[in-house]
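In: 3D model of this:
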Amino acid sequence: MSTKARILEVAARLVAESPDGDVSTRAVCEAAGVGAPALYRHFGDKEGLLSAVVDHGWDKYLATKRDRAPGTDPVQDLREGWDSHTEFALQNPNLYRLMNSPAMRTPPAAALESHQILTSDLRRAAEQGKLRLAPELAAQMIMSANVGVALMLVSRPATFTDATVARRVRDAVHAVVFTPDALDSRTAAAAAPAPSAPAAGALAPAPAPAPAPDAERAHVPVTAARLNALLHQSTPATLTPAETTLLTEWLNRLSNE
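Out: Take a look at the predicted model:
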């Protein structure tokens, strides 16, 4: 193992074991068996060392997400993604607080990658007509809520004692982001009885009433989000770049109204 890797590994361990998540460069040097000049040569200063620990934490967090094959149901993938995010925070409380500390002035590239993975899953949901909002706005809502509840769980465990709070916040946010059909489809298929054939001579069922204007309007954001996701996936050759930009702006407005 190189000197730089050994220093980083020791720093990450000391951060995890620290009562308050802080660590001194002197303690790192002593535990790694190196002098201060070696630490400063590789990391610059304490902030540079902690930034490297944050990068290491993000790589650890993303290890499972990068290799995950998308499932057939993006909504279920997103539920599992929320749960795995929360579980990572609970298993690595000091590291998680450091990863999301405002003291980290420049977000690591891996943090942006995490957001891109979330947005990609939401685009798949939009393509299936399961999203009420534009994927970009939905990603901001889900990420901020997930990080917020996870930070509360690891920073104020004496206050946030209910083990179900993360799941309840997840379901509340998902109820705003996804269509009711997308959330109900997991249980509806199992609960619904099998259709029975009508008895001989029985009258055909009456057609369903036409949806009210307000109900029809409620489908506009879903349709706009779906069309926008499909447009992002494959831009029609008949549209110029300027037309594509304008159409995307209109669809964003409709999906986020």
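
In: Low-confidence regions, the stretch 101-250 of the chain specifically.
Out: 104-105, 185-219 (pLDDT under 70).

In: Show the residue spans covered by the helices in the stretch 1-150 of the chain.
Out: Counting by DSSP state H, counting those that start in this stretch, the stretch 1-150 of the chain has helices at residues 3-17, 25-32, 36-43, 46-66, 74-91, 93-99, 109-127, 135-155.

In: right, and the ones you listed - which one's nearest Val222?
Out: helix 109-127 (8.5 Å; C-beta to C-beta). C-beta here means a position set from N, CA and C on the backbone, and glycine is covered the same way.

In: Of the helices of the stretch 1-150 of the chain, which stretch is the most buried?
Out: Each of these was scored by mean neighbour count; the highest is helix 93-99, a mean of 21, by mean count of other C-beta atoms under 10 Å.

In: any residues touching that one, and which ones?
Out: Applying C-beta atoms under 8 Å, 6 or more residues apart in numbering, the set of residues contacting helix 93-99 from outside is 12, 15-16, 18, 20-21, 50, 53-54, 57-58, 61, 88-89, 104, 111, 150-151, 154-155.

In: what about 6 Å?
Out: With contact meaning C-beta atoms under 6 Å, 6 or more residues apart in numbering, helix 93-99 is reached by 15-16, 21, 54, 57, 89, 154.

In: try stretch 127-137
Out: 75, 119, 122-123, 125-126, 178-179, 182, 221-222, 225-226, 229-230, 252, 255-256.

In: Next up, the contacts around the spatially most central residue of the chain.
Out: Nearest to the mean C-alpha position of the chain, by C-alpha atoms, centre = their mean, lies Leu118 at 4.3 Å. Residues in contact with Leu118 (C-beta under 6 Å, 6+ apart) are Ala139.

In: between the contacts of helix 93-99, which is nearest Arg6?
Out: Nearest to Arg6 out of the contacts of helix 93-99 is Val15 (C-beta to C-beta; 15.0 Å).

In: So the closest one sits against Val23, correct?
Out: Yes. If you go by C-beta atoms under 6 Å, Val15 and Val23 touch, sitting 5.3 Å apart.

In: Okay, the closest residue to Leu49 other than its chain neighbours and Ala27: tell me how far apart.
Out: Nearest residue to Leu49, sequence neighbours excluded (C-beta to C-beta, 6 or more residues apart in numbering): Phe43, at 4.2 Å. To Ala27, Phe43 is 14 Å away according to C-beta to C-beta, to the nearest Å.

In: Ok, Asp171 next?
Out: Using C-beta to C-beta, Asp171 is found at 42 Å from Ala27.

In: can you check Leu247 too?
Out: 57 Å.

In: The residue nearest to Leu49 and Ser51, how far apart?
Out: From Phe43 to Ser51 the distance is 8 Å (C-beta to C-beta).

In: ok, now Met1?
Out: Distance, Met1 to Ser51, using C-beta to C-beta: 20 Å.
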